[in-house]
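*Asks:* okay, here's the prediction I keep looking at, along with the sequence it came from:
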Amino acid sequence: MVAMQWQGGVLSLLDQGAYPQEEKWLTCNTWEETAQALATPAVQEEKVAAIAAAYGYAQAAIAAQDKLGTDAFQAALDQAKEQLLASRPGSRDVAAALAFVETPPEAYTKNADKLTAILATAVTFDRQQVVADRNLCRNGTDLMGEGTRILIRTDRGGFHSASPTGALGIARRGWKRELLEQITLCEGRPSLTAGTLLAHELAREDIPCTVIPDHAAATFLAQQGAHMVLADGILAAKNGDLKAPVGTYELAIACYFHSIPFYAVLNADDIDLEAADGSAFGQGEGDPVAVTNLLPGTQAKGWTPAFDVVPAFLITGMITDRNIACAPYEETLEELVKHTPRKTIIHFD
């Protein structure tokens with residue numbers, strides 16, 4: 001589902017928390033309104049939040065255009081950047097987006113004022129994410145042959161700025177190219193929303209699928225099998241350990257036991273070479289209410305991890321927008337991040 005629209009300096013954001021029960025849009029006319037929206041559950045997908053932050057920075061430039069060429073113009077941009085960062089504390093994607101857009105490439109600044117350059121840079125950031133999304137999907141379907149059966153485990157991918165991505169995007173592209181025989185969605189818990197959302201998105205394009213609960217994944221793989229399992233990751237460490245949505249770890253174990261290829265799906269920018277291994281991700285805990293909200297008036301306590309860490313030895317490969325990396329990850333991931341060029345719209349070097 002396209003979750004964002006940019007036109008004439010106005011940013012429209014889909015309320016991702018209300019969708020698909022309701023298709024409601026938030027209209028952000030100013031960078032302040034964009035920052036407020038980013039701080040709410042209406043924007044859940046981090047890649048969408050990053051692009052929105054880039055456009056929020058552009059909105060700040062538009063609002064301060066009467067101060068163009070003065071220190072006050074830069075001060076207004078700095079204030080907007082600070083508030084946009086504060087709206088998504090600790091977000092690597094938002095920080096990367098703002099770092100990109102606050103320094104327009106020389107190709108844009110040679111013959112244009114800074115306002116025009118910032119606007120062009122924000123649009124370029126958006127378009128380059130689309131390029132990355134499409135490359136990732138292409139790399140994923142390159143692993144498929146005719147009649148492939150896949151199982152997907154994801155808590156993301158249903159929302160995008162212009163082009164479906166992640167495991168969902170790979171499945172969509174594979175079906176349209178008549179490579180897939182079966183798509184199975186592994187419904188995650190405790191939210192029980194991810195698989196049904198993806199099923200809804202596939203249904204919009206008349207793509208058939210089967211939804212199973214995550215606790216039935218091992219039985220499904222034993223009885224019906226799959227040629228590959230795709231799981232969207234959040235971050236990857238230098239050694240290949242994967243930070244992923246809850247439920248991914250046990251699915252990877254089931255794949256390992258049944259000798260089914262397990263592929264992590266993530267952008268190359270989500271590989272953190274500063275994190276030596278999965279221990280760097282910590283052991284965050286999720287909201288216990290997510291487990292007990294249907295048990296009012298009881299003494300039951302809830303517990304759920306905020307994320308899983310999947311050991312690298314369980315991962316067959318990592319599908320990224322630049323290439324597919326396989327073990328030994330200490331070598332291949334560093335090569336991927338440092339030396340494999342990304343396809344961009346404009347070559348800035």
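*Replies:* On my side now, so go ahead. Residues are numbered from 1 along each chain as shown.
*Asks:* quick one: contacts for Phe257?
*Replies:* Residues near Phe257 by Cβ atoms under 8 Å, 6 or more residues apart in numbering: Ala218. In this view, the C-beta of every residue, glycine as well, is placed from N, C-alpha and C.
*Asks:* same thing but at 10 Å, please
*Replies:* Neighbouring residues of Phe257 by Cβ atoms under 10 Å, 6 or more residues apart in numbering: Ala218, Leu221, Ala222.
*Asks:* and it, how far from Glu250?
*Replies:* Remark: distance between Phe257 and Glu250 (Cβ to Cβ, to the nearest Å) = 11 Å.
*Asks:* shaky segments in this protein?
*Replies:* In the predicted model of the chain, residues 156-157, 189-194, 344-349 satisfy pLDDT under 70.
*Asks:* how far does the strand of greatest length in it sit from its chain's centre?
*Replies:* Assignment by DSSP state E gives strand 180-187 as the longest strand of the chain. Relative to its chain's centre, strand 180-187 lies at 20 Å (Cα atoms, centre = their mean, to the nearest Å).
*Asks:* secondary structure element holding the most centrally placed residue in the chain?
*Replies:* The centroid of the chain falls nearest to Lys47 when counting by Cα atoms, centre = their mean (5.0 Å). Per DSSP states H and E, Lys47 falls inside helix 46-63.
*Asks:* do a quick rundown of the strands in the stretch 51-200 of the chain.
*Replies:* Taking DSSP state E, counting those that start in this stretch to define them, one finds strands in the stretch 51-200 of the chain at 148-153, 180-187.
*Asks:* go through those and pick out the most buried.
*Replies:* Of all the strands of the stretch 51-200 of the chain, strand 148-153 carries the top mean neighbour count, a mean of 24, counting by mean count of other Cβ atoms under 10 Å.
*Asks:* hmm, Thr121 is touching Val101, no?
*Replies:* Yes. Contact status for Thr121 versus Val101: in contact at 4.9 Å, counting by Cβ atoms under 10 Å.
*Asks:* pull out the buried residues from stretch 107-127.
*Replies:* By neighbour count with 16 or more other Cβ atoms under 10 Å, stretch 107-127 contains the buried residues 108-109, 114-127.
*Asks:* which two from those residues end up farthest apart in space?
*Replies:* Maximum pairwise distance among the buried residues of stretch 107-127 (Cβ to Cβ): 20.0 Å, between Lys114 and Arg127.
*Asks:* which residues does the residue nearest to Glu146 when sequence neighbours are not counted contact?
*Replies:* Closest residue to Glu146 apart from its sequence neighbours, by Cβ to Cβ, 6 or more residues apart in numbering: Leu179 at 5.8 Å. By Cβ under 10 Å, 6+ apart, the residues touching Leu179 are Thr141, Asp142, Leu143, Met144, Gly145, Glu146, Gly147, Thr148, Ile150, Ala171, Arg173.
*Asks:* next, Leu179: phi, psi?
*Replies:* Dihedral pair for Leu179: phi -100, psi -20, per degrees, to the nearest 10.
*Asks:* buried stuff in stretch 203-214?
*Replies:* For stretch 203-214, by 16+ other Cβ under 10 Å, it's Ile207, Cys209, Ile212, Asp214.
*Asks:* touching, the last one and Leu221? I think so.
*Replies:* Read it as Asp214. No. Checked against Cβ under 10 Å, the pair Asp214 and Leu221 is beyond contact range at 11.9 Å.
*Asks:* need the overlap of contacts for those two.
*Replies:* Counting by Cβ under 10 Å, 6+ apart, the residues touching both Asp214 and Leu221 are Cys186, Leu251.
*Asks:* which one is Leu230 nearest to, not counting chain neighbours?
*Replies:* Leu230 sits nearest to Ala167 (Cβ to Cβ, 6+ apart), 4.0 Å away.
*Asks:* quick one: that neighbour and Thr141, what's the gap?
*Replies:* Taking Cβ to Cβ, one finds Ala167 at 11 Å from Thr141.
*Asks:* looking at those two, which one has more neighbours?
*Replies:* Ala167 (31 against 21; other Cβ atoms under 10 Å).
*Asks:* residue contacts, the more buried one?
*Replies:* 136-137, 140, 150-154, 156-157, 183, 185, 198, 229-233, 263-266, 319.
*Asks:* tell me which of these fall in helices.
*Replies:* Leu136, Cys137, Gly140, Leu198 (DSSP state H).
*Asks:* let's see the PyMOL selection covering just the buried ones among those residues.
*Replies:* Typed into PyMOL, the next command selects the buried ones out of the ones in helices among the contacts of Ala167 (criterion: 16+ other Cβ under 10 Å):
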select buried, resi 136+137+140+198
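*Asks:* JSON lines for the ones in helices among the contacts of Ala167, including distance to Leu314?
*Replies:* JSON lines is the format used below for these (distance: Cβ to Cβ, whole Å):
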{"residue": "Leu136", "distance to Leu314": "21"}
{"residue": "Cys137", "distance to Leu314": "23"}
{"residue": "Gly140", "distance to Leu314": "19"}
{"residue": "Leu198", "distance to Leu314": "23"}
